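Enquirer: No letters, just coordinates:
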């Protein structure tokens with residue numbers, strides 16, 4: 001779980017991290033103000049199955065392509081990438097084309113996010 005960019009609001013990320021942990025997943029929360037490089041380095045070093053980004057700043061169209069490019073450079077493009085936050089509907093298609101598997105907006109039930117990650121990590125043979 002990562003909070004990229006200058007956004008300093010992490011309550012939602014912490015709530016999601018706790019829900020994932022409570023469902024049996026190991027969760028690493030990298031904290032606030034992470035750069036794409038920091039996020040990808042942590043993901044590769046920790047050999048994660050999924051990266052969850054929480055973005056409320058509006059910088060998703062710049063941050064996500066940088067993260068997916070770095071994942072590709074590191075040979076880690078098979079890591080499931082999910083996004084949460086205030087993402088305008090008109091940006092969803094672009095973000096999914098960049099490699100985002102799912103976008104969870106405000107009000108998404110925690111169980112929806114948990115089940116999506118569990119189902120898609122298993123489908124990739126990583127769980």
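Expert: The structure has been received and is ready for your questions. Keep in mind that this is a model prediction, so the values were computed, not measured. Residues are numbered from 1 along each chain as shown.
Enquirer: Now the residue positioned nearest the centre of the chain: which helix or strand?
Expert: Central residue of the chain (Cα atoms, centre = their mean): residue 52, 1.9 Å from the mean position. Assessed by DSSP states H and E, residue 52 sits inside strand 50-55.
Enquirer: Identify all contacting residues around that strand.
Expert: 1-5, 7, 10, 12-13, 16-17, 20, 39, 43, 60, 63-64, 67, 79-87, 117, 120-121 (Cβ atoms under 8 Å, 6 or more residues apart in numbering). Placement of C-beta: from N, CA and C, glycine included.
Enquirer: Now, the residues you listed that are in strands?
Expert: Secondary structure from DSSP state E places 80-85 of the contacts of strand 50-55 in strands.
Enquirer: chain center to the strand holding residue 52: distance?
Expert: 2 Å (Cα atoms, centre = their mean, to the nearest Å).
Enquirer: Next: stretch 22-40.
Expert: Stretch 22-40 has its C-alpha centroid displaced from the chain centroid by 8 Å (Cα atoms, centre = their mean).
Enquirer: Stretch 70-79 now?
Expert: Remark: stretch 70-79 is offset 14 Å from the chain centroid, using Cα atoms, centre = their mean.
Enquirer: Is the nearest residue to residue 120 once chain neighbours are set aside bridged to anything, and to what?
Expert: The shortest distance from residue 120 to any non-neighbouring residue, by Cβ to Cβ, 6 or more residues apart in numbering, is to residue 80 (5.5 Å). Taking DSSP bridges as the rule, residue 80 bridges to residue 50.
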